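Asks: Sequence and predicted structure are below.
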Amino acid sequence: MNALARTVAAVAGMEWAWTADQLEGLVSAAGWIYRAPSEGTVSCTFDAAPGRAGAFLFGAEVTAVYLSLHDKENLGRRDKGDLNQHAEGDLSRREGEDAGVPARRDRFVAAIAQVALQLGPPRVRCPGPDPSAGWRVAAGVLEIVDRPEALDLWLRPAPRRVPHRRVPPVDGDVDWPAMERGLAAAIASLPAGAVVRLEARGRTNPETDLHPKPHEKTNPGANLRPEPHGKTNAEANLHPKPHEKTNPETDLHPKPHEKTNAGTDGVGTLVELSQTEDSLTVHAGDETETICWPAAGEAYRKIAGRLVVLLREKIASPADLAYRSDLPVPYLPLRRA
C-alpha cells in the first residue's frame, strides 16, 4: 500500500477533536514519525516516506494536517508508486509552466481514482488553477489538491476557501503552438462558474477574406485605367453623376435582406467555454462538447488542438483574438477584452 492509500485508510474513519494533544495518535496511525511541535509554533513537520507531512496549529488547536506527495525537486520525474502509473510523461520534457498543467491533471485524476476506490466518488469538487476534490470523513474533509509545486492530501475541519489567482497582463504576441499550449492549460484551470468567450478582434483571416474565391473574377487594372474623359473608374464611383442621388443611410447600412460579414471588420464570439463543478462545456461554431470534471490532461490537450484548428481557419494569428470573462483565466495567452 503506497503513502496515499495508507494515509487515507488511517484518517478516514478516525474521529478526533482537532486538538494538539491528539495529534500524535493521528500521525502514528498515518505511518509518519511524530515530532512534538515547539511551544507557540504555528506549524510543524513529520517524517513521511515518500513525501513530506505536517500540521498547522493555532494555539492548542490543529487547523489542518497534510501530506505532500511531490515537491519541486520531484516534479521532473515519475514516482515508482501506483499514483503515477497512469500519469503521462515527465514534466522536464515539457516547455513552460502552461505545458505542464495537463500532465499535472493526469496525476490529479489518478490520485482521485485511487482514493475513490476507498471512499467512493468525491462529493466536494473545486475546479480551478489549483483544483481540489474532497470527501466527507469522520473528522472533517479529506481533500486532494493539485498545486504547481506539489500534489497534496489535506485533512481539514471544513472545505478550503479558494481565492482567485491574480493573472498578470499578457505582454507581446504568441504563435499558434504557444496558443495551443496556453489554451490547454487555461481550459484545465477554469474555476467553477467561469464562462470564457474567445472573440475575434479587427479583421479575420486575410487569406480567406482578401483573396477572391476561384469562381470570383477580378480585374485589378479595370479601376486604374483612365476613361476617355479623364476620370478613373474609382473617381466615377466616388463622385455621383448629377442625376444620381445618394443616401448615406442606405449606402452605409445594409438593407434587411442583405447579409454582411461581421467577422471581417467587427467582433464576434468564436468559442465559448463554460465550467461547472462537474463538467466543462465547449461551444465552437455549430458544435458543442461536454466533458466530465475532473478530466485527464489528454482531454484538455485534444480540445485545445481542435479549437486551434478552428481558430486558424477564422483568423490570421492569435494577436487577432481577445477573451471576455468575469473571472480571471490563468495561462490563457490573450488580452482580456
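Replies: Here it is on my side, so go on.

Asks: In the stretch 201-337 of the chain, where is pLDDT below threshold?
Replies: 202-267 (pLDDT under 70).

Asks: could you pull out the strands for it?
Replies: Per DSSP state E, counting those that start in this stretch, the stretch 201-337 of the chain carries strands over the ranges 268-275, 279-284, 287-292, 321-324, 335-336.

Asks: Would you format the ones you listed as TSV with mean neighbour count included?
Replies: From N, CA and C alone the C-beta is placed, and that goes for glycine too. Output for the strands of the stretch 201-337 of the chain, formatted as TSV (neighbours: other C-beta atoms under 10 Å):
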stretch	mean neighbour count
strand 268-275	18
strand 279-284	17
strand 287-292	12
strand 321-324	20
strand 335-336	14
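
Asks: Ramachandran angles for the residue positioned nearest the centre of the chain?
Replies: Nearest to the mean C-alpha position of the chain, by C-alpha atoms, centre = their mean, lies Ala186 at 2.4 Å. Note on Ala186: backbone dihedrals following degrees, to the nearest 10 are phi -70, psi -40.

Asks: That one and Gly193, how far apart?
Replies: 15 Å (C-beta to C-beta, to the nearest Å).

Asks: and if you look at Gly297?
Replies: Gly297 is 22 Å from Gly193, by C-beta to C-beta.

Asks: that older thread, can you redo the strands of the stretch 201-337 of the chain as a markdown table with distance to Ser43?
Replies: Below are the strands of the stretch 201-337 of the chain laid out as a markdown table (distance: least, C-beta to C-beta, whole Å):
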| stretch | distance to Ser43 |
| --- | --- |
| strand 268-275 | 33 |
| strand 279-284 | 35 |
| strand 287-292 | 36 |
| strand 321-324 | 38 |
| strand 335-336 | 37 |
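
Asks: Among those strands, which comes closest to Ala12?
Replies: Distance to Ala12, taken as C-beta to C-beta, is lowest for strand 287-292 among the strands of the stretch 201-337 of the chain, at 24.1 Å.

Asks: what helix or strand is Val109 on?
Replies: Taking DSSP states H and E as the criterion, Val109 maps to helix 96-119.

Asks: An error on my part: the question was meant for Gly54.
Replies: Counting by DSSP H and E, Gly54 is found in strand 52-58.

Asks: what helices or strands is that strand leaning on?
Replies: With contacts taken as 3 or more C-beta pairs under 8 Å, 6 or more residues apart in numbering; DSSP states H and E, strand 52-58 sits against helix 23-30, strand 43-47, strand 61-68.
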